[in-house]
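the following comprises the amino acid sequence and a computationally predicted model.
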Amino acid sequence: MATSLERPFDLFIGGRDVPGARGERRTLLDPASNQPLAQSTVGSADDARAAMEVADRAYRESNWSQDDGARRGKVLFRLAALLETNLEAFARLETLNMGKPLRESRGDIGYVVRTLEYFAGLADKLEGETVPVPGPRLDYTLREPLGVTVHIAPWNYPLLLAIRSVAPALAAGNSVVLKPASLTPLTAVAFARLTKEAGVPDGIFNVVVGNGADVGEALIEDARCRSVTFTGSSEVGHHIAELAARRLLPLTLELGGKGPVLVFADADLDRAARGIGYGIFQNAGQMCWAASRLFVHESLRVALLEKLRMIAEGLKLGPGVQDGVEMGPLVSADQVRRVLGYVSDARASGGSVVTGGMRAESPALAAGNFVAPTILADVPASSRAIREEIFGPVLSVTSFTDVDDAVRQANDTAYGLLGAVWTRDLATAHSVARRLECGMVVVNESPITYPQTPFAGVKASGLGFEQGRRALETYTRRKNILVNVATAKKKP
Ligand code: NAP
Ligand code: MG
């Protein structure tokens, strides 16, 4: 069974599990209890280079890249079906490793299935163009795969954020080396085992687990690397951009966020409260697109805060595998310290804690990484808790007086991933959506996305985009071919 916890989670290179050159393993902990969960291999820079070599050879020697796109599509459809058959086991593995409630993990794995299907369907739709040129000439373009594409993923949606870029890269005919986050490699390794069963040729999909600075950098610096997709913190993203620039590698960056939510005076308050609660407490707030800065019209402030406080205090916390749990633990004890550190900063800078702001109180949760859903009010805009990404279940609330004031406060951040607007007024909805410096805006919705809709950040939130049909082109290059089609002049 691909997902069994009894068996160590090794690297996956050339179509099989390999223990890594150093044979080093680490014990991963269940974030709900901090008890040992599974053994994961820690790969090295040598393993990274070995994977690049295998991927490069498979790219050149298997017929994956040259084959009819429809055939690649078929393999990816098979992979989607296999994952769907194993959805429950994968969801459970994701929950055990990362902590989120099973219900959310089922949603995540379902999303991966849908992403694979979406790009499987596009694999035979990579079309070039013909370009009119003067004289007896024919000019056309081809879309060719790049070669070996490198993908580096974070721990908050482990399989989903890995496959979000891997699926189009494979569909376009590339071979792939994936480095999952060290804390959450389990579903990526289990998924790799399924690719073999689905008929992905050996060496076309590889997983190397290991430290970012070690394995991640070795992958990018390898001469065979042809593109980099990185999802993670803005800090590491900047560093990766420098590494990629040295080699002129195409780069996609999906980085952090500090999403603004604007609630106007005419908003449907109950719907807004539910949407806002979901947008910050889902996945215990460990979301790049968390709607973490709430700006509410001053007339609604008291009523909305009260509704949100009730939502926060009503959430059932517990181990993600337990029935009815609505919020799980944070991914690690380090993350708990980090999040509570921001709460202290908020307090020190003059903000108040409306609810939460500490570890969960129940003794049954004491051993795990549980933080109570937290709402902060009136934290000064200069506080670290407002300027930096917290990546935990912490919402900050500030009020505004008019539209310009709301937009100004919302845009006063280094980040620009997702913004949310709550209003019944059509003109306010569309005009504010345009004025927000964000890659994505939702109106009267909690954060939501689909494989067919672009996912993009601006400012410190990223470079390029993922999802949607154009994402396939990211993993191709355009070649121009010009042919002189003049016929030879007949000799008199
Ligand atoms: P992270 O520390 O930046 O790590 C992300 C990945 O990069 C991990 O696989 C990590 O490996 C690797 N890495 C670390 N240092 C590296 C280096 N020098 N060279 C190459 N790779 C390196 O982020 P995280 O803590 O896992 O995840 C949280 C962050 O991701 C948040 O900032 C969040 O906003 C962002 N995020 C963004 C999106 C989006 O779509 N925009 C989605 C989800 C998350 P190790 O695990 O070994 O450190
Ligand atoms: Mg990190």
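Arrived safely. Ligands and ions are numbered 1, 2, ... in the order given.

residues contacting the closest residue to residue 34 other than its chain neighbours?
Nearest residue to residue 34 in three dimensions, chain neighbours excluded: residue 367, at 5.7 Å (C-beta to C-beta, 6 or more residues apart in numbering). Backbone N, C-alpha and C define where each C-beta goes, glycine included. Counting by C-beta atoms under 8 Å, 6 or more residues apart in numbering, residue 367 touches 33-35.

give me the nearest residue to residue 428, chain neighbours excluded.
Closest to residue 428 by C-beta to C-beta, 6+ apart is residue 264, at 5.8 Å.

meant to ask about residue 276
Per C-beta to C-beta, 6+ apart, closest to residue 276 is residue 261, 5.6 Å.

any idea which helix or strand carries the one you found?
strand 260-263 (DSSP states H and E).

following the chain past that strand, name the next helix or strand.
helix 269-281.

packing partners for that next one?
strand 260-263, helix 301-314, strand 394-400, strand 418-422 (3 or more C-beta pairs under 8 Å, 6 or more residues apart in numbering; DSSP states H and E).

nearest to ligand 1, out of these?
strand 418-422 (9.1 Å; C-beta to the nearest ligand atom).

got the helices and strands packed on helix 269-281 as JSON lines, with mean pLDDT columns?
Shown next, in JSON lines, are the helices and strands packed on helix 269-281 (pLDDT from 0 to 100):
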{"stretch": "strand 260-263", "mean pLDDT": "98"}
{"stretch": "helix 301-314", "mean pLDDT": "98"}
{"stretch": "strand 394-400", "mean pLDDT": "98"}
{"stretch": "strand 418-422", "mean pLDDT": "98"}
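
let's see which of the contacts of residue 367 end up in strands.
Taking DSSP state E as the definition of strands, the contacts of residue 367 contribute residue 35.

out of the contacts of residue 367, who's nearest ligand 1?
Nearest member of the contacts of residue 367 to ligand 1, counting by C-beta to the nearest ligand atom, is residue 34, at 18.1 Å.

give the buried residues for stretch 377-396.
377, 379, 383, 385-386, 388-396 (16 or more other C-beta atoms under 10 Å).

the helix ranked longest in the chain vs ligand 1: in contact?
Ranked by residue count under DSSP state H, the longest helix found in the chain is helix 102-122. No. Judged by C-beta under 6 Å from any ligand atom, helix 102-122 makes no contact with ligand 1; its nearest approach is 11.8 Å.

need the helices and strands packed on helix 269-281 in JSON lines (columns: distance to ligand 1).
Formatted as JSON lines, the helices and strands packed on helix 269-281 follow (distance: least, C-beta to the nearest ligand atom, whole Å):
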{"stretch": "strand 260-263", "distance to ligand 1": "15"}
{"stretch": "helix 301-314", "distance to ligand 1": "21"}
{"stretch": "strand 394-400", "distance to ligand 1": "14"}
{"stretch": "strand 418-422", "distance to ligand 1": "9"}
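
closest one to residue 104 among these?
helix 301-314 (16.6 Å; C-beta to C-beta).

the closest one versus strand 394-400: what angle between them?
Taking axes from the mean of the first three to the mean of the last three C-alpha atoms, to 10 degrees, one finds helix 301-314 and strand 394-400 inclined to each other by 170 degrees.

identify all contacting residues around stretch 431-444.
So stretch 431-444 is contacted by 259-260, 262, 267-268, 271-272, 275, 289, 403, 406-407, 410-411, 416-423, 429, 448-449, 454-459, 461-462, 465 (C-beta under 8 Å, 6+ apart).

neighbours of the residue nearest to residue 428, just the number please.
The tally of other residues near residue 264 (other C-beta atoms under 10 Å) stands at 23.

what does residue 203 give?
Neighbours of residue 203 (other C-beta under 10 Å): 24.

do the one 3 residues further on as well
Residue crowding around residue 206 was assessed by other C-beta under 10 Å; the count is 29.

residue 468 belongs to a helix?
No. Counting by DSSP: H, G, I helix; E, B strand; the rest coil, residue 468 is not part of a helix but coil.

state the distance from the closest residue in space to it that isn't next to it in sequence to residue 465.
Closest residue to residue 468 apart from its sequence neighbours, by C-beta to C-beta, 6+ apart: residue 454 at 4.3 Å. When distance is defined by C-beta to C-beta, to the nearest Å, residue 454 is 5 Å away from residue 465.

shared neighbours of those two, anything?
439, 471.

pretty sure residue 474 sits against residue 250.
Yes. With contact defined as C-beta atoms under 8 Å, residue 474 reaches residue 250; the gap is 7.3 Å.

the residue nearest to residue 428 touches residue 426, doesn't it?
No. Residue 264 is not in contact with residue 426 according to C-beta under 8 Å; the separation is 11.9 Å.

just the helices in the stretch 101-250 of the chain please.
102-122, 158-171, 186-198, 217-221, 234-246 (DSSP state H, counting those that start in this stretch).

tell me which of those sits most buried.
helix 158-171 (a mean of 28; mean count of other C-beta atoms under 10 Å).

could you find the closest non-adjacent residue to residue 364?
Residue 364 sits nearest to residue 318 (C-beta to C-beta, 6+ apart), 7.8 Å away.

scratch that, residue 93 is what I was asking about
residue 3 (4.7 Å).

before we move on, what about residue 217?
Nearest to residue 217 is residue 243, by C-beta to C-beta, 6+ apart, at 6.5 Å.

on that earlier part again, and the residue nearest to residue 428, what does it touch?
297, 403, 406, 421-423, 425, 428.

from these, which is closest to ligand 1?
Distances from ligand 1 to those, taken by C-beta to the nearest ligand atom, are shortest for residue 421, at 19.9 Å.

bridging residues for the closest one?
residue 262, residue 443 (DSSP bridges).

count the residues that sit near it.
Count around residue 421 with other C-beta under 10 Å applied: 27.

from now on call the first residue 459
Sounds good: first residue 459 from here, last item residue 879.

mind listing what it touches?
719-720, 722, 886-887, 890-891, 894, 899-902.

do residue 656 as well
Here residue 656 is in contact with 533-534, 536-537, 540 (C-beta under 8 Å, 6+ apart).

so which of these belong to helices?
533-534, 536-537, 540.

export the contacts of residue 722 to TSV and append columns for distance to residue 638.
Shown next, in TSV, are those (distance: C-beta to C-beta, whole Å):
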residue	distance to residue 638
755	42
861	43
864	39
879	34
880	36
881	40
883	44
886	42
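
filter those down to the buried ones, ChimeraX style.
Entered in ChimeraX, the line below selects the buried ones among the contacts of residue 722, by 16+ other C-beta under 10 Å:
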select :755,861,864,879,880,881,886
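
packing partners for the helix or strand harbouring residue 554?
Using DSSP H and E, residue 554 sits in helix 545-556. Judged by 3+ C-beta pairs under 8 Å, 6+ apart, helix 545-556 is in contact with strand 483-488, strand 493-499, helix 560-580, helix 616-629, helix 644-656.

does the first one reach ligand 1?
No. For strand 483-488, no contact with ligand 1 is found by C-beta under 6 Å from any ligand atom; the gap never falls below 10.7 Å.

for residue 827, what are its contacts?
489-490, 492, 557, 787-791, 793-794.

again with residue 886
Applying C-beta under 8 Å, 6+ apart, the residues contacting residue 886 are 722, 724, 861, 879.

out of the contacts of residue 879, which are buried?
719-720, 722, 886-887, 890-891, 894, 899-901.

which of the residues you listed sits closest to residue 771?
Distances from residue 771 to those, taken by C-beta to C-beta, are shortest for residue 719, at 19.5 Å.

quick one, what contacts the closest one?
734, 737, 749, 751-753, 877-880.

just put those residues in CSV and tack on distance to residue 469.
Formatted as CSV, those follow (distance: C-beta to C-beta, whole Å):
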residue, distance to residue 469
734, 41
737, 36
749, 37
751, 40
752, 43
753, 46
877, 39
878, 40
879, 45
880, 46
